[in-house]
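K.L.:
okay, sequence plus prediction incoming.
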Amino acid sequence: MSIKEIKTKYYVINVFYMASLAVFSAIFYVYLDSKGFSYLEINTFSIGFWIISFVTEIPAGVLSDRYGRKLSLQISIIIRSLGLFFLFWTPNVLVLVISAILTAIGESFKSGTLESWAIEKIKEIEPNFDSTNFFSLDKFLITGSSMLVGLLGAQVIGQYNLSLPFIIAPILLMITGLVVQILLDQDYDVTVNTKGANNKVSSKFSSFYTDLSEGFYYVKNNKNLFRLIIAFLPLQFVLSGPASQWQLYFQEDDKPIVTGYLSVIISLAGMFGHYLSVRVGNNFINRNRYLIITTSVNGLMIIMTVLSNMYWLSFMLFSFHVISMASEEAYRFAYLNDEIKTRNRATVLSIYYTIESAFTVLTFFVIGLIADQFSLNIAWIFSAVMLLILGIPMYVSLDKGRTKERA
């Protein structure tokens, strides 16, 4: 299999998977708001999601390393589809949490799995492959396709019936399962599945524990990787606030739905941001310094968005926040993947996602509580300030650490 073929399969599957979620993405918060949920109750979905992610990310990553990426993706699709059916129903907070639990388990089996499949296949052919352009194009394609699907879901389907996109989504996801079945080869560890001794439950548990231990040992002893993981965490304040709540902020009460149109502008801003990560970000020999710039712009644009009293000026400033955040999205993931040099890539990525999940539970609760007790404006300013005062010093410290190592 050539590198081009590997990339094509990866892009096709990822676009299909993400498009099935994009069909309701532009009206998700508006939909829950229409059902009478408060800001904190809406964030309960995300809190439940991230708590379960915290519990399931590492086991899912280890199982992916041990039994194959294809099986993990199939499990992800089945469980997540069920979660989306519950989201369509959603009569109360309890069902909303159940949906979040199933969605989180499905996401755990997806996160890092397809990426690990592609990177490992490519590095077998080209060991020194730089993944920055690969992930930038991935984000560009996903953003573009999600933009079109999101517009259709919000302004056409959602305008007709706000609940309808939430029943279409799991159907599209099951179609994605068929695409996975056709395009992905079975990539499980042959030695694990052919040796009789390894078919015993005790042996499988031992293998699971071994992979998990190796993953933790790798992260613990790779100081640069661990510090990088910690440096990525402050962004969750923004992802839990402005990046998630923008529909509630810009959709005016008792007005026709406009979030589908706004999502197109946001998607275009995201695509431009991904373009910048390649054209501008790749010119930075020191990746930490580029992240310092994007983090600074990100936080400042959110503060200016809130302080602006003009609707369209506020949205324009918010779009600059999107450009900044998108420009580092693929950049960060490529940076993280290039730091991982072990066969247990999915396990290490899952450890990262687990740490991120634990922190995100906290940020969603705090941001939701502040929004309920005060306002979205206060919650957004708080999220931006936390990003700036925590994120920038961490990248500066990481930069200094790398400089000392080279010296």
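P.N.:
That came through, no problem.

K.L.:
go ahead and confirm Pro170 touches Phe85.
P.N.:
Yes: under the contact definition of Cβ atoms under 8 Å, Pro170 touches Phe85, with a separation of 5.4 Å. Where C-beta positions appear, they are placed from N, C-alpha and C, glycine not excepted.

K.L.:
tell me where the model's unsure across the stretch 1-150 of the chain.
P.N.:
Low-confidence regions of the stretch 1-150 of the chain, defined by pLDDT under 70, are absent; no residue qualifies.

K.L.:
for Leu336, see how far away Gly36 is.
P.N.:
From Gly36 over to Leu336 the distance is 39 Å, taken as Cβ to Cβ, to the nearest Å.

K.L.:
and for Gly158?
P.N.:
From Gly158 across to Leu336, the span is 35 Å (Cβ to Cβ).

K.L.:
could I get the full set of strands for the chain?
P.N.:
All residues of the chain lie outside strands when identified by DSSP state E.

K.L.:
residues contacting Leu262?
P.N.:
If you count contacts by Cβ atoms under 8 Å, 6 or more residues apart in numbering, Leu262 has them with Ala26, Trp246, Gln247, Phe250, Phe315.

K.L.:
now for Ile293: which residues touch it?
P.N.:
Residues touching Ile293, when contacts are defined by Cβ under 8 Å, 6+ apart, are absent altogether.

K.L.:
what's the answer for Asn344, then?
P.N.:
So, once contact is read as Cβ under 8 Å, 6+ apart, Asn344 ends up touching Val62, Asp65, Asp211, Glu214, Gly215, Tyr218.

K.L.:
list phi and psi for it.
P.N.:
Main-chain torsions, Asn344, degrees, to the nearest 10: phi -90, psi 50.

K.L.:
Gly36 and Leu336: who's more crowded?
P.N.:
Comparing Gly36 with Leu336 by other Cβ atoms under 10 Å, the one with more neighbours is Leu336, at 19 against 8.

K.L.:
can I assume the more buried one is in contact with Ile351?
P.N.:
No: taking contacts as Cβ under 8 Å, Leu336 lies outside contact range of Ile351: 11.2 Å.

K.L.:
how about the residue most central in space within the chain: what's its closest non-neighbour residue?
P.N.:
What sits nearest the mean C-alpha location of the chain, by Cα atoms, centre = their mean, is Ser111, with 7.8 Å. Take Ser111 and drop its neighbours on the chain: the residue closest to it by Cβ to Cβ, 6 or more residues apart in numbering is Tyr353, 5.4 Å away.

K.L.:
pLDDT wise, what is that neighbour at?
P.N.:
Turning to Tyr353, the model gives it a pLDDT of 87.

K.L.:
surely Gln74 touches Ile182?
P.N.:
No: if you go by Cβ under 8 Å, Gln74 and Ile182 don't touch, sitting 12.0 Å apart.

K.L.:
who's more crowded, those two?
P.N.:
Neighbours were counted for Gln74 and for Ile182 using other Cβ under 10 Å; Gln74 has more, 16 against 10.
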